[in-house]
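> With the sequence up front, the predicted model follows.
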Amino acid sequence: MNINFKTLLHTFKSKIPNILLTNLYFITFAFFLCTFFYFLALWHHYPSTTVISAAGYSTTTSQPSTSSICFHHNNNSAITTPSLDFTATHHLPDPPLKTARVSHLPPCEPSLYEYTPCEDQKRSLRFSRKKLIYRERHCPLPEETLRCRIPAPFGYRLPLRWPESRDGAWYANVPHKELTVEKKNQNWVRFNGNRFRFPGGGTMFPRGANAYVDDIGKLINLKDGSIRTAIDTGCGVASWGAYLLSRNILTVSVAPRDTHEAQVQFALERGVPALIGILASIRLPYPSRAFDMAHCSRCLIPWGQDDGIYLTEVDRLLRPGGYWILSGPPINWQKHWKGWERTRESLNDEQDAIENVAKSLCWKKLVQKGDLAIWQKPTNHMHCKVKRKIFKTRPFCEEAQDPDMAWYTKLDTCLTPLPDVNNVKEVAGGEISKWPKRLTSIPPRISGESLKGITPEMFKENTELWKKRESYYKTLDSQLAETGRYRNLLDMNSYLGGFAAALVDDPVWVMNIVPVEAEINTLGVIYERGLIGTYQNWCEAMSTYPRTYDFIHGDSVFSLYQHRCSMENILLEMDRILRPQGSVILRDNVDVLTKVKSIADEMQWDAKIRDHEEGPYQKEKILVAVKQYWTAPPTEQN
């Protein structure tokens, strides 16, 4: 063992000089190569003159210009140190406020400033005029969809603040004078200087809408909170709904886009809830048992025709015990028949037809006084079912038909059955608390367990959650926090209406949307809380004019639609219905919001992604955006 170790040690020592010598040769050779290639490169790239442009910081071998700094390297010249100016010499000005930035989502043609895709008048001419089908929703095909941003008309201004807006609007925002001429004697709207005035007149209320509402209040109680939600069919400029707001009654005003140009747009400029809509061949987009009161003032709907199909739809919409109010032909025809240019016989037959339809719906006529007639829907159908067995009149709809389904659902003449009750005094579907208690009381659809998966405890938690979220939103958006800055609000995915409920003390109203793709149809709950809303498929345009809303809120909207339709199309629709300088708050997964922001930047929105109210470690984030002010360019007429 000792011999082997000594032998190995001797061998290693004998090899040391050879290793050192080899390394020395390698180092020397490497140094020579590096030096050679260094001088070769230096010779190859050695310029006679180098020009450094002060503007572009680029190098070139051309002769210097008067705007360049030159260095000449030779044996006879000294190297001088230049004085470089690093300030920008070319400035690209910011786009003017009244001009839209050009991108792959450019502004549309100025003539499209009132474009409503699903109620486009040119497209409507393709459809049948029977039962006014051509005035219903008819959305463009995918290849017809515009991929541009709808401009505001030149001179557009922020609307007057509520309550001043109830009585006035800027002419530049709705540049239509047709109604000031056509309805001049009825005092709907007046034109004065650069604005419209709304005196509150109407065809059947010459003393004004306020006096007309007072007349109704003498016949039914409008003050005790039992009436909170209402619908006005054929609303005109929505003066009836406007004056009910001071009585804590929230009205959905509905009218078609027809020869009365922009009547719904006038309503929205006034800060009154309104939607484009018509009773024709499909249900109105609201759930059953939604409204405490329905109204028609000379709305020209043929209530007694076609087996009373339109009045049957009103019955579906009314809550048990709700009221239907009719003024205008044929009510009080004995006094007005000459002015209406109708015969006594035709008006009498029309009234008889309406009375018969009302009886077939089991309605009770409460009163007819002057130009007003009021019917009341029964609180349950116990007596009505007995009558059906005896008289074999209007049948009940089959149980398989969902009374709350109202998105492109065909109208029917069958009677929508109310939920069963145990005795004749019980209110079908559950009794609703009076306003304002009904806002926070457990809605009957939840307490009655008709909505699977939603418990009273979940409802209470949701209400408290949105109080917290609404408070946080106001720290992110100063315009939302400013009392009176906003009036018309939209919630794109409302669930139980918690966002709207949290804002109930602010001078705003919220149109609550329950997407037709939502897992649970909760719009009935929203109405039971005393709030208003509608159904919507966000792959299509909304039935409203451009620049309808001051503020848009969306909770997980893009997660809901990410595999259904284009995110870009939804954002373009939001841009269409949002006012210039209006705000948007979206909450969603951070990955989704990042994509949303990239499109929002293209749409001339100022957008930022902020932390969740629970802190930065939540994957859900909040996008806050403001639409910049820009309009169509001026025309020769402007």
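Sure, I can see it. What you see is a predicted model; the values in this text were computed from it and never measured.
> Flag the shaky bits of the chain, pLDDT-wise.
For the chain, applying pLDDT under 70 flags the ranges 1-26, 29, 37-102, 184-185, 259-261, 391, 636-638.
> what about the strands in the stretch 201-350 of the chain?
Per DSSP state E, counting those that start in this stretch, the stretch 201-350 of the chain has strands spanning 229-233, 250-255, 274-276, 291-297, 318-327. These are given in chain order.
> who does the third one pair up with?
Strand pairing for strand 274-276, determined by DSSP bridges: strand 250-255 (parallel).
> angle of the strand it pairs with against strand 291-297?
Counting by axes from the mean of the first three to the mean of the last three CA atoms, to 10 degrees, strand 250-255 lies at 40 degrees to strand 291-297.
> With just CA atoms, put strand 250-255 into CSV.
What follows is strand 250-255, C-alpha atoms only, in CSV (Å, rounded to 0.1, in the frame of the first residue of the first chain):
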residue,chain,number,x,y,z
LEU,A,250,-90.9,54.4,-10.4
THR,A,251,-92.2,54.1,-13.9
VAL,A,252,-90.9,52.3,-17.0
SER,A,253,-92.0,54.4,-19.9
VAL,A,254,-92.3,52.5,-23.2
ALA,A,255,-92.9,53.7,-26.7
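> Mind listing residues that contact it?
For strand 250-255, the external contacting residues (CB atoms under 8 Å, 6 or more residues apart in numbering) are 228-236, 238, 240-241, 244-245, 263-264, 267, 272-278, 284, 286, 291, 295, 509, 530-532, 534. C-betas here are computed from N, CA, C, even on glycine.
> isn't there a strand covering Phe499?
No: assessed with DSSP: H, G, I helix; E, B strand; the rest coil, Phe499 is helix; it does not lie in a strand.
> Please report how far the residue lying closest to it once chain neighbours are set aside lies from Met542.
Nearest residue to Phe499, sequence neighbours excluded (CB to CB, 6 or more residues apart in numbering): Asp491, at 5.0 Å. Distance, Asp491 to Met542, by CB to CB, to the nearest Å: 12 Å.
> repeat for Tyr212
Taking CB to CB, one finds Tyr212 at 30 Å from Met542.
> cool, and Asn569?
12 Å.
> Which residue of those two possesses the greater neighbour count?
Met542 (25 against 18; other CB atoms under 10 Å).
> hang on, that one packs against Leu572?
No: assessed by CB atoms under 8 Å, Met542 is found out of contact with Leu572, at 11.9 Å.
> follow-up on the earlier one: now for the residue nearest to Phe499: which residues touch it?
Neighbours of Asp491 in contact, by CB under 8 Å, 6+ apart: Gly497, Phe499, Ala500, Val510, Met511, Asn512, Ile513, Gly533, His553, Gly554, Asp555.
> how about 6 Å then?
By CB atoms under 6 Å, 6 or more residues apart in numbering, Asp491 lies in contact with Phe499, Val510, Asn512, His553.
> which residue packs closest to the second one, ignoring adjacent ones?
It refers to Val510. Closest to Val510 by CB to CB, 6+ apart is Ala500, at 3.6 Å.
> what's the distance between the helix or strand harbouring Arg445 and the middle of its chain?
Following DSSP states H and E, the helix or strand that holds Arg445 is helix 444-447. On the basis of CA atoms, centre = their mean, to the nearest Å, helix 444-447 sits 27 Å off its chain's mean C-alpha point.
> what does that helix rub up against?
Residues contacting helix 444-447 (CB under 6 Å, 6+ apart): Gly429, Gly430, Leu451, Ile454, Pro456, Phe459, Gly524, Val525.
> Glu136 and Glu528: what is the separation?
28 Å.
> Equivalent analysis for Tyr243, please.
Taking CB to CB, one finds Tyr243 at 25 Å from Glu528.
> what does Trp303 give?
Trp303 is 27 Å from Glu528, by CB to CB.
> Neighbour count: those two, which is higher?
Set Trp303 next to Glu528 and count neighbours by other CB under 10 Å: Glu528 wins out with 29 against 24.
> ok, now which ones touch that one?
So Glu528 contacts Ile432, Pro443 (CB under 6 Å, 6+ apart).
> try it again with 7 Å
Ile432, Pro443, Pro444, Arg445 (CB atoms under 7 Å, 6 or more residues apart in numbering).
> and those as a markdown table, adding neighbour count and distance to Thr116?
Output for the contacts of Glu528, formatted as a markdown table (neighbours: other CB atoms under 10 Å; distance: CB to CB, whole Å):
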| residue | neighbour count | distance to Thr116 |
| --- | --- | --- |
| Ile432 | 24 | 34 |
| Pro443 | 28 | 33 |
| Pro444 | 22 | 36 |
| Arg445 | 24 | 32 |
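> tell me the two of the residues you listed that are most distant?
Greatest spatial distance in the contacts of Glu528: Ile432 and Arg445, 10.2 Å, computed using CB to CB.
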